[in-house]
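Trainee: Compute the structure for the input listed below.
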Amino acid sequence: MRVTELGEAFLVAVDAIRLNTFRALLTTLGIAIGVLFVSLMGWFLYGLDTALEDTIDLMGPDMLYVEKWDWSGQTRWAEVRSRKDITYWQARAVAEGLTAAEVAVPLGRARDIRISHGQQVTTDVPVIGTLSDYGRTPAGTVELGRFFSPAEDRYSAPVAVLGHLLARQFFPNENPVGKTIQIAGHRFTVVGVVEKRGTTFLQYVDKQVLIPLPMFLRLFGSANRSFALVVKAGSEERKEFVRDEIRGLMRRVRGLPPGAPDDFTINETQMFREEIAGLRQAVWGIGIGMSMLSFIVGIIGIVNIMFVSVVERTREIGIRKAVGARRSSIALQFLLEAALLCVAGAIIALLVGNGIAVLVASAVPEAEFLTPYIPPQHIGLALLIAFTAGIIAGWSPALRAARLDPVQALRYE
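Mentor: This is a model prediction of the structure:
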């Protein structure tokens, strides 16, 4: 097939659509709705994947968090709630007993503590007690100042490292390093600010204050409190071995007999992957179902309108055949017309979809994982799907047009 023949068929198809613009727009509405669903679904899943990767980067792929609580929610709440607290001495014993981990530090949390600076007061920011080695984990990386030192650990120094949002709340227009804050009525000097770490799934991590663990124990004690153990394996390859070592030590210090279930959880970033996988399947299921329904309706509409077009242009087809047009040329013209109808609907849908993406991104800044545009790869996929749907819809009408008898077509009124 020559390029000139293809170009001529394209121009004839465009002209046919232009002469029936309103009908063409109504016909392609079903395809447009289907493409809109597909593109918005892809946009949302792309944002979820981005947020997931940001969360894993934040937490560290080789990080393990030993706690009483199960992040995944797979363990029954009643069972988790009935577990005994992990005491400070248990967390410390496991941290000191680990041989394969790069970093292992106990961590305690105190909530509903009054924290203030000048006229700024808050009680919804947790106070975290940990050791200087926490600064060697991704969660302890500072953007201003420094993390507290081993000496400040030993001597219970009144120093604090602020989360990014808390620093911005208390010190919106100044460097907080060297300034003082009040924690439970005690003065603390700010020595550092943790870099922004919050994502859609972990917004709370930017609103916390970290202090040396000995000072934490002096102020808030260790009774009626469950501690955690933060472990950095050193690499993803070593994580499985470190997990097994943690489990053995925890069972020993907790006094669990052989065969008894664990009364603690070793949390990791894989749990976020599993949660996202469930959400992804739900979005895909709903999106694909609605898209397929719209595409089917759209294809049926285009098939009907193309058959109408064949009937309306029967005499034209007869004339073209009489002057030497081949069957393939006639079929190509109607296939291109159907494909262009679908692509036009897809373009309209993508423009609407990008408008929705911009509105959502600007109206809901908390959903920072959603981009203000539909990713280019999804635009290309949507156009390809629309073009394929057009070929499918135009196939039968194109064959009918190509098989018309030229004599009978010329007699058609």
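
Trainee: And the residue nearest the centre of the chain, how close does it get to Thr27?
Mentor: When Cα atoms, centre = their mean is applied to the chain, the residue found nearest the centroid is Leu48 (1.0 Å). Applying Cβ to Cβ, to the nearest Å, the value for Leu48 to Thr27 is 34 Å. Placement of C-beta: from N, CA and C, glycine included.

Trainee: In terms of secondary structure, what does whichever helix or strand the residue nearest to the centre of the chain is part of contact?
Mentor: Leu48 is part of helix 29-59 when elements are defined by DSSP states H and E. Where contact means 3 or more Cβ pairs under 8 Å, 6 or more residues apart in numbering; DSSP states H and E, helix 29-59 is packed against helix 270-312, helix 327-363, helix 376-403.

Trainee: Using a markdown table, lay out those helices together with mean neighbour count, distance to Ser132 and mean pLDDT.
Mentor: Output for the helices and strands packed on helix 29-59, formatted as a markdown table (neighbours: other Cβ atoms under 10 Å; distance: least, Cβ to Cβ, whole Å; pLDDT from 0 to 100):
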| stretch | mean neighbour count | distance to Ser132 | mean pLDDT |
| --- | --- | --- | --- |
| helix 270-312 | 16 | 27 | 74 |
| helix 327-363 | 20 | 39 | 83 |
| helix 376-403 | 19 | 45 | 83 |
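
Trainee: For Pro138, which of those is the nearest?
Mentor: Ranking these by proximity to Pro138 (Cβ to Cβ) places helix 270-312 first, at 14.2 Å.

Trainee: From the chain's centroid, how far away is that closest one?
Mentor: 21 Å (Cα atoms, centre = their mean, to the nearest Å).

Trainee: can you check stretch 393-401 too?
Mentor: That offset, for stretch 393-401, works out to 42 Å (Cα atoms, centre = their mean).

Trainee: next one: stretch 213-223
Mentor: Using Cα atoms, centre = their mean, the offset of stretch 213-223 from its chain centre is 38 Å.

Trainee: now stretch 143-154
Mentor: Mean-position distance between stretch 143-154 and its chain equals 34 Å (Cα atoms, centre = their mean).

Trainee: which residues sit against stretch 95-111?
Mentor: Residues outside stretch 95-111 that contact it (Cβ atoms under 8 Å, 6 or more residues apart in numbering) are 88, 91-92, 94, 126-131, 133-134, 136-137, 213, 216-217, 219-220, 222, 225, 227-234, 238, 241-242, 245-246, 249.

Trainee: buried stuff in that stretch?
Mentor: Within stretch 95-111, the residues that qualify as buried are 95, 98, 100-110, counting by 16 or more other Cβ atoms under 10 Å.

Trainee: Would you mind measuring the gap between the ends of it?
Mentor: 24 Å (Cα to Cα, to the nearest Å).

Trainee: average pLDDT across that stretch?
Mentor: For stretch 95-111, mean pLDDT is 91.

Trainee: can you pull up the bridge partners for Lys232?
Mentor: When assigned by DSSP bridges, Lys232 has beta-bridge partners Met63, Val103.

Trainee: I'd like to know how far the residue nearest to the centre of the chain sits from Leu381.
Mentor: Counting by Cβ to Cβ, the gap from Leu48 to Leu381 is 17 Å.

Trainee: Next: Asp263.
Mentor: 48 Å.

Trainee: cool, and Val343?
Mentor: 13 Å.

Trainee: Quick one, which of the contacts of stretch 95-111 are buried?
Mentor: For the contacts of stretch 95-111, buried by 16+ other Cβ under 10 Å: 88, 91-92, 94, 126-131, 133-134, 137, 213, 216-217, 219-220, 222, 225, 227-233, 238, 242, 245-246, 249.

Trainee: Out of those, which sit inside strands?
Mentor: 127-130, 228-232 (DSSP state E).

Trainee: Looking at the residues you listed, spot the one nearest Val358.
Mentor: In terms of Cβ to Cβ, no member of these lies closer to Val358 than Ile128, at 37.9 Å.

Trainee: helix/strand/coil for the residue nearest to that closest one when sequence neighbours are not counted?
Mentor: With sequence-adjacent residues excluded and distances taken as Cβ to Cβ, 6 or more residues apart in numbering, Ile128 is closest to Leu210, at 4.6 Å. Three-state call for Leu210 (DSSP: H, G, I helix; E, B strand; the rest coil): strand.

Trainee: And this protein, what are its domain boundaries?
Mentor: 3-56+273-411, 62-268 (automatic domain parsing).

Trainee: returning to what we had before: go ahead and confirm the residue nearest to Ile128 touches Tyr134.
Mentor: Yes - taking contacts as Cβ atoms under 8 Å, Leu210 lies within contact range of Tyr134: 7.1 Å.

Trainee: which neighbours do these two share?
Mentor: Gly140.

Trainee: Just the helices from the stretch 1-150 of the chain, written as ranges.
Mentor: For the stretch 1-150 of the chain, helices defined by DSSP state H, counting those that start in this stretch occupy the ranges 3-19, 21-27, 29-59, 77-81, 88-97, 150-154.
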